[in-house]
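S.K.: Sequence plus the predicted model coming up.
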Amino acid sequence: MSEAEVSSTPGAALEAERLGKKYGRKPVLENITFAVQPGEVYALAGPNGSGKTTLIRLLTGLAFPTSGVVRMLGQDVYNGGYVARRALGAVVEAPAAFYPHMTGRQNLEMIAFLTGMADAEARIREVLVRLELLAVADQPVRTYSLGQRQRLGLASAILHEPQILILDEPTSGLDPQGINKVHEILAELAWKGVAVLLSTHHLREVSAYVDKVGILGGGRLLEEVKLGTKGETYRLRVDDPAKAAAFLKTVPGVQNVSLRGVNVIFEGSPNVALAALVREHYQVQFLEPDYFDLYDYYRERVKNA
Amino acid sequence: MLRVLIWEFGKLMRLRSVQIGLLAALVLPLLWAFAPGLRAQYGLELVSGWQVPALSLLTGMDFLFPFLTAMAAAEVLGSEVSMGTLKSVLLRPSPRSRLLLAKIIVVLVYPFILLAVSLVGSLLAGLPFGLGSFFGGTGLGAGSFAGVGQLSPVGALTELLRAHALAGVVLWPLSALAMLYAVIFLSTTSAALAAVSTLLLMRLLIAFPAIQPFLLTSYLDLYIRPAAVGLGLPLLIIYTVGFSVLALLIFERKDI
């Protein structure tokens, strides 16, 4: 595909356009298109073998696609040279890999040099403090626990204050306290305008602060779920849900009516819906807010793919 | 680039194959110098410590040094793949070619380190035989071990340094070939095996006299054939540059 054929998403920090990857004749990823805006957190979810790791390798320029393009701040990652990676901070393995004979601080110094950072001492200390690694900073990495290595990975990724952060399973191997720390840092970075893309199996953990979830399955982007933009949703159980749902669709002030198992899901005014159902002599057993359960949604989506 | 090179040398010296190789290069001369079957093997009675390095070089270059060189070159990249550190480094805004070039330079220097250690070990093993002037040859110069008359310590050392330097250049194409295979396979074992197999296969090609002068395997004994240096040395350098450039080109678009 030529560069001219690919359209760009205005303002996107990171964008993938019709990205495809084949190993031999076997397609691993097909036609993946999405964009992450500055300040947005994008979670990639999908079962094992769905192509998450391959997609992350393509996004970071470690692997090359069979078709399509990835742009970072508008710059082609594959043909723009290594300069395109200046805006990128990434950890693509869990746990993050470091030279085991070097100390955590020495590893960060090497990364700072390769990133072209001048006078990085103060910043290295800052990230070591932020990730609670200062006490072990001068010990060889081979003595680090799994969690410490994972936190050092995040430290290395945010060291040069990147505008784009790509993380593969950033909380893998961490204790609950470490997990909270990572989520806190990622949410803070997004608030500061960093575009964050992470792959995760722990959707309930990240649903508090992610903006979009890309659900991968069989090498395709099955769906992109936008969180936090949905209207107030309710669910109710009633004696004849199919008939009640059909009726509610005709009621003004009630929208997006659907059936989920034996429950009727709708958006709009719960008082209006309840009054209308009672007026028509339906037996309403309960009515409550329907909190969006990302994990349940993901399970359903992947099952039905 | 200098800082990257220093890092690469530091990493090289920590590789297990390098540490074992250097130990072998140091110990081998001791075994040879005092081996009871030396006379039977070479028909040689050592008359000077200056003759021990030739024994180490002749036996080492037969298989051990080429193997150790290929192994180290393959592990320089392969170990980074297996540890996962290659990905971490390639994520930085630094050209891939710079990283691989530093690695190629390091693996091209390694044969000289290996041979220098072998030379030092040989001279240490030769101490009991004396390192003064003697009648005979070092085994690496004119007249081989019989020599052409009296040889001074300076003359002997010059012969040894020249031969070891040439032997280092002889090992260059193998280092570059192992690095090329390491880039292709991203695996230490596969790359080392492929490099050694290629060498062995090339040796079989001497059955085709027309191509024999152009095979790198025709010059593996260049360090004892000064007459062949005119054609052999440029050819070995061409092979080295060719394999290195190919490795750089492939690495630039290699999926990691």
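M.R.: Sure, I can see it.

S.K.: show me what contacts the residue of chain A found nearest chain B?
M.R.: Residue of chain A nearest chain B, by Cβ to the nearest Cβ: residue A:97 (3.0 Å). Backbone N, C-alpha and C define where each C-beta goes, glycine included. Taking Cβ atoms under 8 Å, 6 or more residues apart in numbering or on different chains as the contact definition, residue A:97 lies against B:83, B:84, B:85, B:87, B:88.

S.K.: Neighbours of the residue of the stretch 51-200 of chain B found nearest chain A, how many?
M.R.: The nearest approach of the stretch 51-200 of chain B to chain A comes at residue B:84, 3.0 Å away (Cβ to the nearest Cβ). Neighbour count of residue B:84, defined by other Cβ atoms under 10 Å in any protein chain shown: 15.

S.K.: Contacts only, for it.
M.R.: Neighbour list for residue B:84: A:93, A:96, A:97 [criterion: Cβ under 8 Å, 6+ apart].

S.K.: ok, now with 7 Å
M.R.: Going by Cβ atoms under 7 Å, 6 or more residues apart in numbering or on different chains, residue B:84 touches A:93, A:97.

S.K.: Next one: it, what pLDDT does it get?
M.R.: Looking at residue B:84, its pLDDT reads 91.

S.K.: ditto for the one 5 residues further on
M.R.: Model confidence at residue B:89, given as pLDDT, is 91.

S.K.: ok, and for stretch B:61-69, which residues are buried?
M.R.: The neighbour-count check on stretch B:61-69 (16 or more other Cβ atoms under 10 Å in any protein chain shown) flags B:61, B:64, B:65, B:66, B:67, B:68, B:69 as buried.

S.K.: Span of that stretch from start to end?
M.R.: 10 Å (Cα to Cα, to the nearest Å).

S.K.: Now do that stretch: everything it contacts.
M.R.: B:17, B:21, B:24, B:110-111, B:114, B:167, B:171, B:174-175, B:196, B:199, B:220.

S.K.: Turn those into JSON lines, including secondary structure.
M.R.: JSON lines is the format used below for these (DSSP: H, G, I helix; E, B strand; the rest coil):
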{"residue": "B:17", "secondary structure": "helix"}
{"residue": "B:21", "secondary structure": "helix"}
{"residue": "B:24", "secondary structure": "helix"}
{"residue": "B:110", "secondary structure": "helix"}
{"residue": "B:111", "secondary structure": "helix"}
{"residue": "B:114", "secondary structure": "helix"}
{"residue": "B:167", "secondary structure": "helix"}
{"residue": "B:171", "secondary structure": "helix"}
{"residue": "B:174", "secondary structure": "helix"}
{"residue": "B:175", "secondary structure": "helix"}
{"residue": "B:196", "secondary structure": "helix"}
{"residue": "B:199", "secondary structure": "helix"}
{"residue": "B:220", "secondary structure": "coil"}
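
S.K.: Let me have the buried residues of stretch B:61-69 in CSV, adding secondary structure and pLDDT as columns.
M.R.: Listed next are the buried residues of stretch B:61-69 as CSV, based on DSSP: H, G, I helix; E, B strand; the rest coil; pLDDT from 0 to 100:
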residue, secondary structure, pLDDT
B:61, helix, 91
B:64, helix, 91
B:65, helix, 94
B:66, helix, 94
B:67, helix, 93
B:68, helix, 94
B:69, helix, 95
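
S.K.: Please state the backbone phi and psi of residue A:212?
M.R.: phi -140, psi 150 (degrees, to the nearest 10).

S.K.: Please name the bridge partners of it.
M.R.: Using DSSP bridges, the bridge partners assigned to residue A:212 are residue A:42, residue A:226.

S.K.: mind listing what it touches?
M.R.: By Cβ under 7 Å, 6+ apart, residue A:212 lies in contact with A:40, A:42, A:224, A:225, A:226, A:227.

S.K.: can you count the residues close to the fourth one?
M.R.: Around residue A:225 there are 22 other residues, counting by other Cβ under 10 Å.

S.K.: And the pLDDT for it?
M.R.: Per-residue pLDDT puts residue A:225 at 82.

S.K.: where does the nearest residue to it once chain neighbours are set aside sit relative to residue A:36, distance-wise?
M.R.: Distances taken as Cβ to Cβ, 6 or more residues apart in numbering or on different chains place residue A:213 nearest to residue A:225, at 4.5 Å, with adjacent residues excluded. Distance of residue A:213 to residue A:36, computed by Cβ to Cβ, to the nearest Å: 12 Å.

S.K.: Likewise for residue A:284?
M.R.: Applying Cβ to Cβ, the value for residue A:284 to residue A:36 is 42 Å.

S.K.: out of those two, which sits in the more crowded spot?
M.R.: In this view residue A:284 and residue A:36 are compared by other Cβ under 10 Å, and residue A:36 has more residues nearby, 25 against 15.

S.K.: Let me know the pLDDT of the more buried one.
M.R.: pLDDT, residue A:36: 94.

S.K.: Next, give phi and psi for it.
M.R.: phi -120, psi 120.

S.K.: What is the burial count for the nearest residue to residue A:44 once chain neighbours are set aside?
M.R.: Distances taken as Cβ to Cβ, 6+ apart place residue A:199 nearest to residue A:44, at 4.3 Å, with adjacent residues excluded. Using other Cβ under 10 Å, residue A:199 has 24 other residues around it.

S.K.: I'd say residue A:199 and residue A:171 touch.
M.R.: No: under the criterion of Cβ atoms under 7 Å, residue A:199 makes no contact with residue A:171, lying 10.8 Å away.

S.K.: Contacts only, for the residue nearest the centre of chain A.
M.R.: Central residue of chain A (Cα atoms, centre = their mean): residue A:43, 1.2 Å from the mean position. Listed by Cβ under 7 Å, 6+ apart, the contact partners of residue A:43 are A:198, A:200, A:206, A:210, A:213.

S.K.: Likewise for residue B:149?
M.R.: Residue B:149 touches residue B:135, counting by Cβ under 7 Å, 6+ apart.

S.K.: who wins for neighbours among the contacts of residue A:43?
M.R.: Greatest neighbour count in the contacts of residue A:43, by other Cβ under 10 Å, goes to residue A:210: 27 neighbours.

S.K.: and stretch B:95-102, does that touch chain A?
M.R.: Yes: using Cβ under 7 Å from any Cβ of the partner chain, stretch B:95-102 reaches chain A at residue B:95.

S.K.: Excluding chain neighbours, give the residue nearest to residue B:142 in space.
M.R.: residue B:148 (5.1 Å).

S.K.: now, which of the contacts of residue A:97 lie within helices?
M.R.: B:83, B:85, B:87, B:88 (DSSP state H).

S.K.: Buried subset of these as a ChimeraX selection?
M.R.: To isolate the buried members of these in ChimeraX, using 16+ other Cβ under 10 Å:
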select /B:85,87,88
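
S.K.: So what touches stretch B:113-132?
M.R.: B:21-22, B:25-30, B:33, B:46, B:48-50, B:52-53, B:56-57, B:60, B:65, B:68-69, B:153, B:160, B:164, B:167-168.

S.K.: Among these, which are located in helices?
M.R.: Mapping these onto helices (DSSP H) picks out B:21-22, B:25-30, B:33, B:52-53, B:56-57, B:65, B:68-69, B:153, B:160, B:164, B:167-168.
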